[in-house]
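> Just a sequence and a predicted model for now, questions to come.
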Amino acid sequence: MYLERLPQTTPDEALEMLARFLNPKVADAAARHADPRVREAGLRFLHELATEGDPFARDLLAKLT
């Protein structure tokens, strides 16, 4: 549900969604959001997950950069 809704949500709703539920796929969707605040949050979460050793987050970051 989050992956479908996140791209079309308002920036405030998207940030609330990220605060409630986060995994690499949701963070990746946020990193592709139209709003720069949401993109920044998504990238920050992907970096945090990758730093913690999540290989999926590392792969998603590699595709974004």
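That came through fine.

> In the chain, where's the longest helix?
As assigned by DSSP state H, the longest helix anywhere in the chain is helix 36-51.

> Give me the buried positions along that helix.
Within helix 36-51, the residues scored as buried using 16 or more other C-beta atoms under 10 Å are 38-39, 41-43, 45-46, 49-50. (Glycine included, C-beta is placed from N, CA and C.)

> Can you tell me which residue is spatially central in the chain?
Centroid-nearest residue in the chain: Ala27, 1.7 Å away (criterion: C-alpha atoms, centre = their mean).

> Ignoring the adjacent residues along the chain, who's closest to Thr9?
Met17 (6.8 Å; C-beta to C-beta, 6 or more residues apart in numbering).

> quick revisit: from the buried residues of helix 36-51, which is closest to Leu22?
Proximity to Leu22 was ranked across the buried residues of helix 36-51 by C-beta to C-beta; first place goes to Phe45, at 5.8 Å.

> Name the nearest residue to the closest one, ignoring sequence neighbours.
Nearest one to Phe45, counting by C-beta to C-beta, 6+ apart, is Ala27 at 4.0 Å.
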